[in-house]
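Enquirer: could you work out the structure for the sequence below:
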Amino acid sequence: MTIHRISSFKDYRQHQQRMEQIYQTRHSYEQSLQAGKSDNFAVAGFSYPARAVVDFQVGFAWSDGANVNWREWLICPVTHLNNRMRAAVQLVDSELGVLPNESIYITEQITPLFRHLSKSFNNVVGSEFLGNEVPLGAEDSRGVRNEDLTQLTFSDSSFDCLLSFDCFEHMPDFESGMREVSRVIKKGGRMLWSVPFRNDLVCNLRRASCGSHGEIIHHELPEYNGDPLNASGCLCFTHFGWEVLEQVKRSGFSDVYAITYWSDVFCYLGIEQIVFIAIK
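Expert: Okay, the predicted model is just below:
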C-alpha cells in the first residue's frame with residue numbers, strides 16, 4: 001500500500017504535482033478494470049482483514065452509472081468489508097499500531113466493520129445515534145448503544161483509540177463533536193476518521209446550518225447520505241476542506257494530518273483516497 005502523510009493544503013498541492021504521472025497510470029488501470037462492464041463484476045486481490053486472496057465484488061451503484069465508485073465497492077466476500085472499511089482495518093494496525101488489549105471506541109455498531117473489529121480486539125465499544133428512542137448511554141432491544149457525539153456519556157480519557165467514519169459532516173456544529181471525542185481519548189491516544197472531503201478547498205463548504213430556533217437553513221442544495229438506521233438518509237451539513245486539520249487540533253489534539261493511500265494489491269482503488277489521523 002502506497003501511503004503519503006499530508007499536513008496542509010500547501011503540502012497537498014506539492015504532493016499532487018509529484019504524483020501527476022502516477023495518477024494518470026492509476027486512472028488507466030482502474031478504467032481497464034471496468035472497461036466493457038455494465039453489471040456486477042469481480043476484481044482479484046488480497047483482502048487484508050481476511051488474510052486471503054479473494055474476488056472482490058464490484059458494481060455501479062452509488063456512481064454516475066459510467067464510472068465505479070471504488071470507495072464503496074470492492075467488497076470482500078469473506079468479511080463483507082468494502083474498500084474503505086478494509087483500508088481502515090489495515091490502518092488501525094499499520095498507522096495507529098493498536099494493540100490487542102487497548103480500548104477502542106467506534107462510532108458505529110450495526111456494521112460489518114464493528115463486527116470485524118470486535119473479533120480482532122478485546123475491548124471494543126460501538127454505538128449508533130438513536131435519537132430519543134432510548135436514553136444516551138443505554139441500549140435498545142437489539143443491544144445497540146445510543147450515543148450522541150456532541151455529548152458522549154463516557155468518562156474522560158476512556159479510550160486508547162477512536163474510530164469514526166463519515167459522521168462529523170452530519171453535525172451542525174462538528175467542532176463540539178471533536179471536543180467531545182478529544183475528551184474521551186487518553187493522552188497519547190489516536191483517532192482515525194473520515195468525512196466528505198474537498199481536497200481542492202482550503203476552507204470548509206458549509207452546506208447547511210441551524211438557525212436560532214433550531215430550523216435548518218440550506219446554503220447549498222440539500223445532500224442526504226446513506227444511513228443504515230434511516231431510509232431517508234442523513235443531512236450533510238459540511239463538506240470539509242484543509243482547514244479541518246487546524247480545527248481538529250484546536251479541539252485538543254497535539255498533531256493532526258491526512259493520509260492518502262492506494263494499492264492495486266489490496267484493491268484500495270479510487271486514484272487516491274484520503275483519511276485523517278489525530279494524536280491526543
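Enquirer: pull the longest strand from this protein.
Expert: Here the longest strand in the chain is taken by residue count, with DSSP state E as the criterion, and it is strand 268-279.
Enquirer: for it, output the C-alpha coordinates as CSV.
Expert: Listed next in CSV are the C-alpha coordinates belonging to strand 268-279 (Å, rounded to 0.1, in the frame of the first residue of the first chain):
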residue,chain,number,x,y,z
TYR,A,268,-7.7,0.2,-2.4
LEU,A,269,-8.6,1.9,-5.6
GLY,A,270,-10.1,5.3,-6.5
ILE,A,271,-6.9,7.0,-7.7
GLU,A,272,-6.2,8.1,-4.2
GLN,A,273,-8.3,8.0,-1.0
ILE,A,274,-7.9,10.4,2.0
VAL,A,275,-8.5,9.7,5.7
PHE,A,276,-7.3,11.6,8.8
ILE,A,277,-5.3,10.9,11.9
ALA,A,278,-5.3,12.8,15.1
ILE,A,279,-2.9,12.3,18.1
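Enquirer: how far is it from where the chain is centred?
Expert: For strand 268-279, the separation from the chain centroid amounts to 8 Å (computed by Cα atoms, centre = their mean, to the nearest Å).
Enquirer: quick one: average pLDDT of it?
Expert: Mean per-residue pLDDT for strand 268-279: 97.
Enquirer: how close does residue 202 sit to residue 264?
Expert: According to Cβ to Cβ, to the nearest Å, residue 202 stands 31 Å off from residue 264. Bear in mind the C-beta positions are built from the backbone N, C-alpha and C, glycine included.
Enquirer: between those two, tell me which one has more neighbours.
Expert: residue 264 (15 against 11; other Cβ atoms under 10 Å).
Enquirer: what segments of the stretch 151-280 of the chain are helices?
Expert: Across the stretch 151-280 of the chain, reading from the start of the chain, the helices by DSSP state H, counting those that start in this stretch fall at 174-184, 244-250.
Enquirer: which strands and helices sit next to the first one?
Expert: Under the contact criterion of 3 or more Cβ pairs under 8 Å, 6 or more residues apart in numbering; DSSP states H and E, helix 174-184 touches strand 159-165, helix 244-250.
Enquirer: re earlier: can I get the helices of the stretch 151-280 of the chain in CSV with distance to residue 32 and mean neighbour count?
Expert: As requested, these are arranged in CSV below (distance: least, Cβ to Cβ, whole Å; neighbours: other Cβ atoms under 10 Å):
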stretch, distance to residue 32, mean neighbour count
helix 174-184, 38, 20
helix 244-250, 34, 18
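Enquirer: of all those helices, which one is nearest residue 123?
Expert: helix 174-184 (13.8 Å; Cβ to Cβ).
Enquirer: top helix in this structure by residue count?
Expert: Among the elements of type helix in the chain, defined by DSSP state H, the one spanning the most residues is helix 9-34.
Enquirer: mean confidence for the helix or strand just after that helix?
Expert: Next helix or strand after helix 9-34 toward the C-terminus (DSSP states H and E): strand 41-47. Within the predicted structure, the mean pLDDT of strand 41-47 is 98.
Enquirer: ok, strand 41-47: who's next to it in the sheet?
Expert: Each strand that strand 41-47 pairs with, and the sense of that pairing, follows from DSSP bridges: strand 52-58 (antiparallel).
Enquirer: what's in contact with the partner strand?
Expert: Taking contacts as Cβ atoms under 8 Å, 6 or more residues apart in numbering, the residues outside strand 52-58 that touch it are 33-34, 37, 40-47, 68, 70, 73-78, 267.
Enquirer: so how do I select the buried members of these in PyMOL?
Expert: The command below creates a PyMOL selection of those among the contacts of strand 52-58 that count as buried (16 or more other Cβ atoms under 10 Å):
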select buried, resi 33+34+41+43+45+46+47+68+70+73+74+75+76+267
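Enquirer: where does the stretch 101-250 of the chain dip in pLDDT?
Expert: By pLDDT under 70, the stretch 101-250 of the chain contains no weakly predicted segment.
Enquirer: now do the strands in it.
Expert: For the stretch 101-250 of the chain, strands defined by DSSP state E, counting those that start in this stretch occupy the ranges 103-106, 123-126, 159-165, 185-194, 205-206, 208-210, 216-218, 224-227, 230-235, 238-239.
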